[in-house]
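Student: based on what follows, work out the 3D shape:
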Amino acid sequence: MKHFPLVALFASAALACGGDAATDDHSDVVADTALLSADAVRIGGFTLAAASEEPWGESWRLPGRLTMDPNAQQPLGSLVEGRIIDVTVLPGDRVQAGQVLVAIHSHEVMSARQELAAARAGVTTADSAAAVAVNAAARGERLYAAKAIALGELERLRAARVAATGARDAAHAELERAEGFLEHLVGTGARREDYEHAALLRAPFDGIITGRDVQPGQVVLVGQPLVTIARDAGLGVLMHLPEEGAASVRAGAVVRLTVPALGAKVLDARVARVAPVVDSLSRAIHVWARIESASALGLRAEMSADAEIIASGGARTLRAEILAGLAAGDSVLNQGAAVGKGEIVKRRSGGDGGH
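Tutor: Sure, this is the predicted structure:
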């Protein structure tokens, strides 16, 4: 663990810009200063900035482990009881929404197809009967208006119409149920001919397969896990933060990390979750940060990483604390500090004072 205050550190040098001609008299030069000509200032590219006070910040260097976000993973279970006839994916395969992942031979699918066929036939019969009843009732209305039939006969025709239209509506509802149930078992989209009597588990979204729990020939029960799918944006780094850092690290904090598999490349992440409890054994807090563009970088779960959590309250660009000798508003060397430091070192060693 290392603490870093958020106060900028610049070269502690005051550089006096002389004229174009060199000055040989250094008797009035303050210690640890260097006199530079205008040409030297121009060539060095020196710029000044005003010092400012910033709140103290800290960072925590921790080992990390890449993991999938549990909220981005979805275990997919069996919809029916039956026997696995095909598993089309392996861990690491990328899949598209609607793609068939597992096929399960099940008598429930055959029953569902029979029920659908019966429902379609029932709709045909009910539609026909309703049309006959509606026409008969309409004819009865005309005959009654012409005083050709009694009121009792008209009421019988009206009742028959109500019953027939009700039966038609019920038949359509049954057809909708049968179609929905079969779609639930086999989904929509293309399927192979040998899947005719199989329940088909399809990918609910575009993603990557992270787990496979069954093999062809295996008998499964309803709800039994078959495969696990994860969204691409679900990779992050898990870290164990010492309890001393609990007050300074919050969701949204910046994380800088390097993954040995990627060499020295520095990656950005953001803290997404901080555990609300301290582990009783390690006395650490689990912190999980989401990695930006993880899939494009070729990262994989369970890779190791070296992480630095930047504590909430400031950006991790400042390196050292100035305790004395500099006040807010003082001008300090911003660009060209290395050259300025070199001039001071040369003066200390008895050089020519920076001409």
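Student: remind me which residues of the stretch 51-200 of the chain are low pLDDT?
Tutor: Where the stretch 51-200 of the chain drops to pLDDT under 70, the residues are 53-57.
Student: which residue ranges form the helices in it?
Tutor: Using DSSP state H, counting those that start in this stretch, the helices of the stretch 51-200 of the chain run over 107-145, 151-186.
Student: can you name every helix or strand that the last one contacts?
Tutor: Where contact means 3 or more C-beta pairs under 8 Å, 6 or more residues apart in numbering; DSSP states H and E, helix 151-186 is packed against helix 107-145, strand 198-202. To be clear about C-beta, it is placed using only N, CA and C from the backbone, and glycine gets the same treatment.
Student: tell me which strands the shortest one pairs with, and in which orientation.
Tutor: Strand pairing for strand 198-202, determined by DSSP bridges: strand 100-105 (antiparallel).
Student: dump the strand it pairs with to CSV, restricted to CA.
Tutor: In CSV, the C-alpha atoms belonging to strand 100-105 read as follows (Å, rounded to 0.1, in the frame of the first residue of the first chain):
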residue,chain,number,x,y,z
VAL,A,100,-29.6,-22.8,-30.8
LEU,A,101,-27.3,-23.8,-27.9
VAL,A,102,-28.8,-27.1,-26.7
ALA,A,103,-31.4,-29.5,-28.2
ILE,A,104,-33.4,-31.8,-25.8
HIS,A,105,-35.5,-34.7,-27.0
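Student: relative to helix 151-186, how tilted is that strand?
Tutor: Relative orientation of strand 100-105 versus helix 151-186 (axes from the mean of the first three to the mean of the last three C-alpha atoms, to 10 degrees): 110 degrees.
Student: related to what we said a few turns ago, in CSV: the helices of the stretch 51-200 of the chain, plus mean neighbour count.
Tutor: Shown next, in CSV, are those (neighbours: other C-beta atoms under 10 Å):
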stretch, mean neighbour count
helix 107-145, 15
helix 151-186, 15
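Student: in TSV: those helices, plus distance to P216.
Tutor: Below are these laid out as TSV (distance: least, C-beta to C-beta, whole Å):
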stretch	distance to P216
helix 107-145	17
helix 151-186	18
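Student: so which of those helices comes closest to Y195?
Tutor: Of all these, helix 151-186 sits nearest to Y195, with 7.5 Å by C-beta to C-beta.
Student: L101: neighbour count?
Tutor: Close neighbours of L101, defined as other C-beta atoms under 10 Å, add up to 21.
Student: for it, list the residues it contacts.
Tutor: L76, V87, T88, V89, V95, L201, R202, A203, I209, L226, V227, I229 (C-beta atoms under 8 Å, 6 or more residues apart in numbering).
Student: what about 10 Å?
Tutor: 76, 86-89, 93, 95, 200-204, 209, 212, 226-227, 229 (C-beta atoms under 10 Å, 6 or more residues apart in numbering).
Student: do G180 as well
Tutor: Taking C-beta under 10 Å, 6+ apart, we find G180 in contact with L116.
Student: how does it look with 6 Å?
Tutor: With contact set as C-beta atoms under 6 Å, 6 or more residues apart in numbering, G180 has no partners.
Student: ok, now how distant is it from T124?
Tutor: G180 is 19 Å from T124, where distance means C-beta to C-beta, to the nearest Å.
Student: rewinding a little: TSV for the helices and strands packed on helix 151-186, including distance to I309?
Tutor: TSV is the format used below for the helices and strands packed on helix 151-186 (distance: least, C-beta to C-beta, whole Å):
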stretch	distance to I309
helix 107-145	51
strand 198-202	40
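Student: looking at those, which is closest to S37?
Tutor: strand 198-202 (76.5 Å).
Student: quick one: that closest one to chain centroid distance?
Tutor: 27 Å (C-alpha atoms, centre = their mean, to the nearest Å).
Student: list the buried ones in that strand?
Tutor: A198, A199, L200, L201, R202 (16 or more other C-beta atoms under 10 Å).
Student: what's the angle between it and helix 107-145?
Tutor: Using the same axes, to 10 degrees: strand 198-202 against helix 107-145 is 100 degrees.
Student: just the C-alphas of strand 198-202, formatted as PDB.
Tutor: Output of strand 198-202 as PDB, limited to C-alpha atoms (Å, rounded to 0.1, in the frame of the first residue of the first chain):
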ATOM      1  CA  ALA A 198     -36.700 -31.400 -29.600                       C
ATOM      2  CA  ALA A 199     -37.000 -28.500 -27.100                       C
ATOM      3  CA  LEU A 200     -34.400 -25.900 -28.200                       C
ATOM      4  CA  LEU A 201     -32.500 -23.700 -25.800                       C
ATOM      5  CA  ARG A 202     -31.600 -20.500 -27.600                       C
END
